[in-house]
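Student: Below: sequence and its predicted model.
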Amino acid sequence: MDRKLTEKEVAFLQELRELMANHNALLSVENDKVCIDVAYDEDSQESILLPTDITAFYDLDELILKNS
């Protein structure tokens, strides 16, 4: 990233991180749409489907620290 995050952006990412942790959510993007899988149960027999062309996983804490 070639600029620092604004305070609003940092607050948004921190709230997003907290919501994702509280609800065990995964985010992905498919065809320019953000998809949210909430309450995925790791003990479930169903396997999670991930996009075939994953380019990166981001740790929101790391993103915030590096760009604040």
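Tutor: Yes, it's here. Numbering: from 1, shown residues only.

Student: Quick one: the helices in the chain, in order.
Tutor: Taking DSSP state H, the helices of the chain run over residues 7-23, 60-66.

Student: Averaging pLDDT over each of those helices, report the lowest-scoring one.
Tutor: Confidence, taken as mean pLDDT, is least for helix 60-66 of the helices of the chain (a mean of 82).

Student: how about the helices of the chain in TSV, adding mean neighbour count and distance to V38?
Tutor: C-betas here are computed from N, CA, C, even on glycine. Shown next, in TSV, are the helices of the chain (neighbours: other CB atoms under 10 Å; distance: least, CB to CB, whole Å):
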stretch	mean neighbour count	distance to V38
helix 7-23	12	5
helix 60-66	12	16
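
Student: any chance of the ones you listed in CSV, plus distance to D37?
Tutor: Output for the helices of the chain, formatted as CSV (distance: least, CB to CB, whole Å):
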stretch, distance to D37
helix 7-23, 10
helix 60-66, 16
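
Student: who wins for proximity to N31 among these?
Tutor: helix 7-23 (21.2 Å; CB to CB).

Student: For C35, which residues count as its bridge partners?
Tutor: S28 (DSSP bridges).

Student: how near is E9 to S68?
Tutor: Distance of E9 to S68, computed by CB to CB, to the nearest Å: 9 Å.
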